[in-house]
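Q: when you get a sec, could you give me coordinates for this:
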Amino acid sequence: MARYDLLAAGKTFTRESLAAREPSLWRYSELLPLRETANRISFGEQLTPVVPMRALGSALGLDRLSLKDEGLLPTGSFKARGAAVGISRARELGVRAFAMPTNGNAGGAWAAYGTRAGIEAYIVMPKGAPAINKVECIVSGAHVWLVDGLISDAGKIVAKAVAEYGIYDASTLKEPYRIEGKKTLGFELIEQFAWSVPDVILYPTGGGVGLIGIYKAIRELQAMGLLEERLPRFVAVQAEGCAPIVRAFDARQTESTFWKDSQTVAFGINVPKALGDFLVLEALYESGGTAIAVDDSSIVAMQRRIGQAEGLFICPEGAATLAAAAELRRREWIARHERVLAINTGTGLKYPDVTLPELELLQPDATIRIETHK
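A: So this is what the prediction gives:
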């Protein structure tokens, strides 16, 4: 992982100075790996909102439930954070081509930012990935290969290509800069919570880089004396059809084992073995957190329920965090009064195949007669 001279950074990285800076992830430049701003590759990454979930929270018995909506970032997901910083640093290092496995959103983001940087992208993804993600990569000019398998199978192909052709490996945690972009999510939410930590943060966990990044951001701020020592209780949320972190956590292990025949509608968290699983588990243990799996029917039902209660169309992975919050409240692991933050990692617009079968749509011949009176 990237390390910084926190003492030196603290001279300019202050609460007061941040308040006057541009409203984007680049405001945290002292704690990002880019040396020259001229190498910055950006689509205008803005701060994403923390949205109070009053109606849903009331129904779930959570008085202070909120959601950080990452679906408003470029390319429609939180993957833009890692791509913006990772590609910018790759450009600075003189990288001309990269390869990566993906379940979809990361590939779309890295392909787009790579094109903007003039870096050639080689993307390998499962053929079952959402169609929009394949389109994103192709439209951005990436070289795309589909594998009849899971992201773990895609990873094997990328590893072989990297070894054979010497291409830059942009796989999760195979380079140290993606996580630096993801950690800006942590910086943002701390500012939005008035320089304090929520009591609980629920994160949809596949590779888990976002959770690791938030944890890293909080630890850096604490080391600089900008934040209280208390940690939020992290919750790694997975699907019942792919829950290696949950299984490892329940057994109090320090790393997970490969989950065979994994499957879930929340495709972004269909990761049978995360490379950084030991870092995710460390964050859970250190924070007094937990790991929980929710079934697909609960995920899809919650996605629709959020839309009807709050008017938000979020991705299945984000909906999984709120399904988990409901269950943890039922178990009284979360108290009614606690500040609970769920992370939505992408827009629901990317998942029509998941959402549409659950909707009661008007029949094609259904009509509404509107009469006007003069």
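Q: can you count the residues close to residue 225?
A: By other Cβ atoms under 10 Å, the residues close to residue 225 number 8. Heads up, the C-betas are built off the backbone N, CA and C, glycines and all.
Q: and it, what helix or strand is that in?
A: Using DSSP states H and E, residue 225 sits within no helix or strand.
Q: before we move on, what about the one 5 residues further on?
A: Residue 230 is located outside every helix and strand, with elements delineated by DSSP H and E.
Q: same thing with residue 197?
A: Per DSSP H and E, there is no helix or strand for residue 197.
Q: okay but it is in contact with residue 190, surely?
A: Yes. With contacts counted by Cβ atoms under 8 Å, residue 197 reaches residue 190, the gap being 6.8 Å.
Q: more crowded one of those two?
A: Higher neighbour count among residue 197 and residue 190: residue 197, with 24 against 20, using other Cβ under 10 Å.
Q: which residues touch the closest residue to that one other than its chain neighbours?
A: Once flanking residues are discounted, residue 197 sits nearest to residue 232: 4.5 Å by Cβ to Cβ, 6 or more residues apart in numbering. Contacts here follow Cβ atoms under 8 Å, 6 or more residues apart in numbering; on that basis residue 232 touches 197-201, 218, 287, 289, 341.
Q: and which of these is nearest residue 9?
A: Nearest to residue 9 out of the contacts of residue 232 is residue 218 (Cβ to Cβ; 15.3 Å).
Q: circling back to that earlier point, shared neighbours, residue 197 and residue 190?
A: 218, 227.
Q: which of the residues in stretch 144-162 are buried?
A: 144-145, 147, 150-152, 154-155, 157-158, 161-162 (16 or more other Cβ atoms under 10 Å).
Q: quick check: mean pLDDT of stretch 60-69?
A: Averaging pLDDT along stretch 60-69 yields 98.
Q: report the distance from it to the chain centre.
A: Distance of stretch 60-69 from its chain centroid, counting by Cα atoms, centre = their mean, to the nearest Å, is 18 Å.
Q: how about stretch 308-325?
A: The mean C-alpha position of stretch 308-325 is separated from the chain mean by 14 Å, Cα atoms, centre = their mean.
Q: between the two ends of it, how far is it?
A: End-to-end distance of stretch 308-325 (Cα to Cα, to the nearest Å): 18 Å.
Q: stretch 37-55 now?
A: End to end - Cα to Cα - stretch 37-55 spans 43 Å.
Q: quick one: it to chain centroid distance?
A: 13 Å.
Q: who's in contact with residue 151?
A: 101-103, 125-126, 270-272.
Q: inside strands: which ones of these?
A: Using DSSP state E, the subset of those located in strands is 101, 125-126.
Q: average pLDDT across stretch 124-139?
A: 93.
Q: quick one: buried residues of that stretch?
A: So stretch 124-139, judged by 16+ other Cβ under 10 Å, has buried residues 124-126, 129-130, 132-134, 136-137.
Q: wait, doesn't residue 119 sit right on residue 87?
A: Yes. If you go by Cβ under 8 Å, residue 119 and residue 87 touch, sitting 6.6 Å apart.
Q: more neighbours, the two?
A: In this view residue 119 and residue 87 are compared by other Cβ under 10 Å, and residue 87 has more residues nearby, 31 against 21.
Q: element containing residue 123, please.
A: strand 120-126.
Q: for residue 172, give me the pLDDT.
A: 89.
Q: so residue 293: helix, strand or coil?
A: What DSSP: H, G, I helix; E, B strand; the rest coil gives for residue 293 is strand.
Q: residues contacting it?
A: 237-240, 243, 246 are the contacts of residue 293 under Cβ under 8 Å, 6+ apart.
Q: recalculate using a threshold of 10 Å.
A: Residue 293 makes contact with 236-247, 250, 264, 269, 320, 324, 327, according to Cβ atoms under 10 Å, 6 or more residues apart in numbering.
Q: over to residue 19?
A: So residue 19 contacts 27, 191 (Cβ under 10 Å, 6+ apart).
Q: just to revisit the earlier point, turn the buried residues of stretch 144-162 into CSV, including distance to residue 11.
A: Shown next, in CSV, are the buried residues of stretch 144-162 (distance: Cβ to Cβ, whole Å):
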residue, distance to residue 11
144, 45
145, 47
147, 48
150, 46
151, 42
152, 44
154, 43
155, 41
157, 46
158, 40
161, 43
162, 39
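Q: tell me the one among those residues nearest to residue 34.
A: The closest of the buried residues of stretch 144-162, once distances to residue 34 are taken by Cβ to Cβ, is residue 162, at 23.3 Å.
Q: report the beta-bridge partners for the nearest residue to residue 149 once chain neighbours are set aside.
A: Distance criterion Cβ to Cβ, 6+ apart; nearest residue to residue 149, sequence neighbours excluded, is residue 126 at 6.1 Å. Residues in a beta bridge with residue 126, per DSSP bridges, are residue 147.
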